[in-house]
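> got a structure for you, letters missing:
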């Protein structure tokens, strides 16, 4: 059974930090790229960061570049999103998703976790 479980969300003041984790099981983690997405109320889902299966390539949306860092631990089958200098506009539900290394659609999604940044 495939499982993708986010953790580490919560309430933080502006300027603070959080680290999200995405723990996975049930598929060949090493063969998958992992992305973090977020969706704020009334807004479209936004892809904010991703890391390749090889861990050689990362991508960041302009909205988080320089503040967020994505990393993966293949031994633990877990991906992390370190979020620093958080802003109220970072408030959203954050999702982790997994895509085969050959590209295509994200096959597996987590249930999402709330991040709220107060001003």
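Everything's here; your move. Because the structure is predicted, anything quoted here is derived from the model rather than measured.
> Okay, and the beta partners of residue 96?
Here residue 96 sits in beta bridges with residue 36, as judged by DSSP bridges.
> Please name the residues that touch it.
By Cβ atoms under 8 Å, 6 or more residues apart in numbering, the contact set of residue 96 is 4, 6, 20, 22, 24, 34-37, 79, 109-110. C-beta coordinates here come from the backbone N, C-alpha and C atoms, glycine included.
> What distance do you get for it to residue 4?
Residue 96 is 6 Å from residue 4, where distance means Cβ to Cβ, to the nearest Å.
> cool, and residue 56?
From residue 56 over to residue 4 the distance is 22 Å, taken as Cβ to Cβ.
> Who has more neighbours out of the two?
residue 4 (23 against 7; other Cβ atoms under 10 Å).
> Show me what that one bridges to in the sheet.
With DSSP bridges as the rule, residue 4 is bridged to residue 24.
> My read is that it contacts residue 107, right?
No: using Cβ atoms under 8 Å, residue 4 is not in contact with residue 107, being 9.7 Å away.
> first to last residue in stretch 12-25, what's the distance?
End-to-end span of stretch 12-25 (Cα to Cα, to the nearest Å): 29 Å.
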